[in-house]
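S.K.: Sequence plus predicted model, see below.
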2 protein chains.
Amino acid sequence: MKVNVGVLGAGTVGGALVQRLLLDRIQIREKTGVDLELKVVAVKHLEKPRSFELPPERITDQAMSVVSSPGIDVVVEAIGGLEPTGELLLTALRSGKPVVTANKELVATRGEELFEAANRSGVPLMYEAAVGGGIPVIRPLAESLAGERIDRVSGIVNGTTNYILTSMAQDGRSFKEALEEATALGYAEPDPSDDISGRDAAFKTAILARLAFGEWVAPWQVECLGIEAVSRADVEAAALAGKVIKLIGVAERVGRDISTRVSPIALDVDHPLAGVDGVTNAIFVEGPAIGRLLFTGPGAGGQPTASALLGDLIQVASRRNWQGKAPSYRRPRQVLHR
Amino acid sequence: MKVNVGVLGAGTVGGALVQRLLLDRIQIREKTGVDLELKVVAVKHLEKPRSFELPPERITDQAMSVVSSPGIDVVVEAIGGLEPTGELLLTALRSGKPVVTANKELVATRGEELFEAANRSGVPLMYEAAVGGGIPVIRPLAESLAGERIDRVSGIVNGTTNYILTSMAQDGRSFKEALEEATALGYAEPDPSDDISGRDAAFKTAILARLAFGEWVAPWQVECLGIEAVSRADVEAAALAGKVIKLIGVAERVGRDISTRVSPIALDVDHPLAGVDGVTNAIFVEGPAIGRLLFTGPGAGGQPTASALLGDLIQVASRRNWQGKAPSYRRPRQVLHR
């Protein structure tokens, strides 16, 4: 059975996803049995040159028409930000469309509302791409480790700042030079303030905390210190002391409470996270039964993030396939990922 | 809704799972909404002392009665080996019971037959615990990376041999001494020949190959060299050359074919797998879009493996919960994990 896909956003991540949907459709159908037909892509500026070729009728600047169209079975969101994305996704969910998103800010900030809308309609809201880029960490936490008493989730969850810190430590660049380099290579957004300030890492830490501990943590509850104040002198002093500065997000149990924070930390050079360089992310999950699990991989970039979106999309589409109709999505626990 | 669980086997892994089911029932219910009631444990010797306490009517030496009992909803298998386990699991699947297993040998050797039986009955066969112990790697490969063109899966997939090689390299032990140490600590089976010979790693490599490439690879098709012939002199010579010997399993595309092999390899000390010591396992997944993902964690031991079984069990039980009846399992693609 064919699944009609609507994609919102055609920037780095959305553009990479559209390419994959166009180029890999047959391979995906052969491997997974799911036929993903890209029906329409919603963009902000119709005239902007794109990395993919689509007939004009399959590109629109009316995102709201995509999420409410009866011809679209699943919506994939790669716009980012809170508005208008929040309203778009709520509309999609309320009209019974499963949603796949890479939007950590929205899931962290308005997750409760979104999951409630998803549950009411009996459709899934998937967000593997929101944390760790191409690293599968949401699904392992939500499913494989569902029965664990997790003590701590921690790690490097922002590729941009890790790229900057690596460049400062290894190439002797100043913060400003390293940031310019990251921007030139497409690793930093035109406005990198969410990365630099640790806000992006705080969104991800809040999401990880909810999955690990089953409790909603608002992003503003995450103590947050960015890397703006980290100078080349700090990096050099750390190196002399045999240390490496990394921006680390932590969510852990402290007695009956949960502590969440993001801050630069000087790690010993032989710490497993000390050698995680560039845009690579690495996430530890610790608990009494599992000891220490480590997930490492590309934490940023269009291709890896599109890959995570595609994995979720195939999951969602497969279930439709298997069951043939919407009631197959009536699985609150999975949607809630608690 | 309550799910009645029957456990087959109460050795290191089965015993750890039974303990978790007894001790964590309430915590699991609160976190996941799934109420797992351990109905019965099948053991080989009724008189043997156990690490858990159960009333005598909940322990049996009649495994066949467990898999065919209408009072059991899900069967978890931790016996190992091909027979009688194969017949037990086929009986469970044919009588419509979902099966969760840690049995890499059985899944690698008779997987086609087992998945066919599962599909016919419309129930899932889950085996996260069969590869990588407590590391979630099956689900990420089967689901998160479903849409990827994977080029290569490789890594350290046997904890026993990695423990032995680490002990030889770091503590200067002979192969024999290191093996005795591993046996004393419970990391090696009384008969460790499947570990030492690389057979266990070959089973896991065959399973990984199927997940990565969607094609059945029989364990005997995996080129296999164990560590029997690795001497202390080899380990010392490697160290002098700045290398570390590890038993590595590889499944990769070579043109249109798939190549699978297990063998000891001398890695440079700065190779990411060179520092993976003791019973830790580490698995790389590589592809054009995702670059290189690395999953690291406890690859052996009762607790981590029981943790993986529990994750699968909760998944299976949740679906039952959500849907209320058997047709919820009619999802061939998922069961096939292709």
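M.R.: Here it is on my side, so go on.
S.K.: I'd like the distance between the residue nearest the centre of chain A and residue B:123.
M.R.: For chain A, the residue nearest the mean C-alpha position is residue A:130 (1.4 Å; Cα atoms, centre = their mean). With the distance defined as Cβ to Cβ, to the nearest Å, residue A:130 ends up 32 Å from residue B:123. All C-beta spots, glycine's among them, are computed from the backbone N, C-alpha and C.
S.K.: what about the helices in the stretch 51-200 of chain A?
M.R.: Remark: helices assigned in the stretch 51-200 of chain A by DSSP state H, counting those that start in this stretch are A:63-68, A:85-94, A:104-121, A:138-139, A:159-171, A:175-184, A:193-196, A:199-213.
S.K.: Give me whichever of those helices is most buried.
M.R.: With neighbours defined by mean count of other Cβ atoms under 10 Å in any protein chain shown, none of the helices of the stretch 51-200 of chain A is more surrounded on average than helix A:199-213, at a mean of 27.
S.K.: now for that one, which elements pack on it?
M.R.: Contacts defined by 3 or more Cβ pairs under 8 Å, 6 or more residues apart in numbering or on different chains; DSSP states H and E place helix A:199-213 against helix A:104-121, strand A:152-156, helix A:193-196, strand A:223-224, strand A:243-254, strand A:257-268.
S.K.: Find me the pLDDT at residue A:333, would you?
M.R.: pLDDT recorded at residue A:333 is 32.
S.K.: Kindly reformat the helices of the stretch 51-200 of chain A as JSON lines containing mean pLDDT.
M.R.: Supplementary listing: the helices of the stretch 51-200 of chain A in JSON lines, determined by pLDDT from 0 to 100:
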{"stretch": "helix A:63-68", "mean pLDDT": "97"}
{"stretch": "helix A:85-94", "mean pLDDT": "97"}
{"stretch": "helix A:104-121", "mean pLDDT": "94"}
{"stretch": "helix A:138-139", "mean pLDDT": "92"}
{"stretch": "helix A:159-171", "mean pLDDT": "96"}
{"stretch": "helix A:175-184", "mean pLDDT": "93"}
{"stretch": "helix A:193-196", "mean pLDDT": "95"}
{"stretch": "helix A:199-213", "mean pLDDT": "96"}
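S.K.: Nearest to residue B:75, out of those?
M.R.: For these, proximity to residue B:75 was assessed by Cβ to Cβ; helix A:138-139 is nearest, at 24.1 Å.
S.K.: List just the one of the helices and strands packed on helix A:199-213 that sits closest to residue A:12.
M.R.: Comparing those against residue A:12 with Cβ to Cβ, the closest turns out to be helix A:193-196 (13.8 Å).
S.K.: coming back round to it: distance of the residue nearest to the centre of chain A relative to residue B:253?
M.R.: 30 Å.
S.K.: returning to what we had before: so how far is residue A:208 from the residue nearest to the centre of chain A?
M.R.: With distances taken as Cβ to Cβ, residue A:130 is found 10 Å from residue A:208.
S.K.: likewise residue A:318?
M.R.: Where residue A:208 is concerned, residue A:318 sits at a distance of 26 Å (Cβ to Cβ).
S.K.: quick revisit: quick one: which of the helices and strands packed on helix A:199-213 is nearest chain B?
M.R.: Chain B sits nearest to helix A:104-121 of all the helices and strands packed on helix A:199-213, at 11.1 Å, using Cβ to the nearest Cβ.
S.K.: Can I get that closest one as PDB, trimmed to CA atoms?
M.R.: C-alpha atoms of helix A:104-121 as PDB (Å, rounded to 0.1, in the frame of the first residue of the first chain):
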ATOM      1  CA  LYS A 104      13.400  19.500  19.600                       C
ATOM      2  CA  GLU A 105      12.200  23.000  20.600                       C
ATOM      3  CA  LEU A 106       8.600  22.200  19.900                       C
ATOM      4  CA  VAL A 107       8.600  18.700  21.400                       C
ATOM      5  CA  ALA A 108      10.400  20.000  24.500                       C
ATOM      6  CA  THR A 109       8.200  23.100  24.900                       C
ATOM      7  CA  ARG A 110       4.700  21.900  23.800                       C
ATOM      8  CA  GLY A 111       5.200  18.100  23.900                       C
ATOM      9  CA  GLU A 112       2.400  17.500  26.400                       C
ATOM     10  CA  GLU A 113      -0.200  19.400  24.200                       C
ATOM     11  CA  LEU A 114       1.100  17.700  21.000                       C
ATOM     12  CA  PHE A 115       1.000  14.200  22.500                       C
ATOM     13  CA  GLU A 116      -2.400  14.700  23.900                       C
ATOM     14  CA  ALA A 117      -3.700  15.700  20.500                       C
ATOM     15  CA  ALA A 118      -1.900  12.700  19.000                       C
ATOM     16  CA  ASN A 119      -3.600  10.400  21.600                       C
ATOM     17  CA  ARG A 120      -7.000  11.900  21.000                       C
ATOM     18  CA  SER A 121      -6.800  11.200  17.300                       C
END
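S.K.: packing partners for it?
M.R.: The contact analysis (3+ Cβ pairs under 8 Å, 6+ apart) places helix A:104-121 against helix A:85-94, strand A:99-101, strand A:125-126, helix A:199-213, helix A:332-336.
S.K.: can you rerun that using 7 Å?
M.R.: Secondary-structure packing of helix A:104-121 (3 or more Cβ pairs under 7 Å, 6 or more residues apart in numbering or on different chains; DSSP states H and E): helix A:85-94, strand A:125-126, helix A:199-213, helix A:332-336.
S.K.: now it and helix A:85-94, what's the angle there?
M.R.: 20 degrees (axes from the mean of the first three to the mean of the last three Cα atoms, to 10 degrees).
S.K.: thinking again about what came up before, which one of the helices and strands packed on helix A:199-213 lies nearest to residue B:97?
M.R.: So among these, helix A:104-121 is nearest, using Cβ to Cβ, at 28.6 Å.
S.K.: Kindly calculate the angle that the closest one makes with helix A:199-213.
M.R.: Computed by the same axes, to 10 degrees, the angle separating helix A:104-121 from helix A:199-213 equals 40 degrees.
S.K.: Correct me if wrong: residue A:138 contacts residue A:128.
M.R.: Yes: taking contacts as Cβ atoms under 7 Å, residue A:138 lies within contact range of residue A:128: 4.5 Å.
S.K.: Residue A:309: what's it in contact with?
M.R.: Taking Cβ atoms under 7 Å, 6 or more residues apart in numbering or on different chains as the contact definition, residue A:309 lies against A:17, A:76, A:78, A:100, A:102, A:129.
S.K.: 6 Å - rerun?
M.R.: If you count contacts by Cβ atoms under 6 Å, 6 or more residues apart in numbering or on different chains, residue A:309 has them with A:17, A:76, A:100, A:102, A:129.
S.K.: will you turn these into JSON lines that also has pLDDT and neighbour count?
M.R.: As requested, the contacts of residue A:309 are exported to JSON lines (pLDDT from 0 to 100; neighbours: other Cβ atoms under 10 Å in any protein chain shown):
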{"residue": "A:17", "pLDDT": "97", "neighbour count": "31"}
{"residue": "A:76", "pLDDT": "98", "neighbour count": "31"}
{"residue": "A:100", "pLDDT": "97", "neighbour count": "28"}
{"residue": "A:102", "pLDDT": "96", "neighbour count": "26"}
{"residue": "A:129", "pLDDT": "96", "neighbour count": "31"}
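S.K.: Show me which residues of chain A sit near chain B.
M.R.: Chain A has residues A:28, A:31-33, A:128, A:134, A:136, A:139-140, A:143-147, A:214, A:289-291, A:293-294, A:296-298, A:303-304, A:307, A:310-311, A:314-315, A:318, A:322, A:331, A:333 near chain B, with proximity defined as Cβ under 6 Å from any Cβ of the partner chain.
S.K.: Narrow the residues you listed to those in strands?
M.R.: Using DSSP state E, the subset of those located in strands is A:291, A:293-294, A:296-298.
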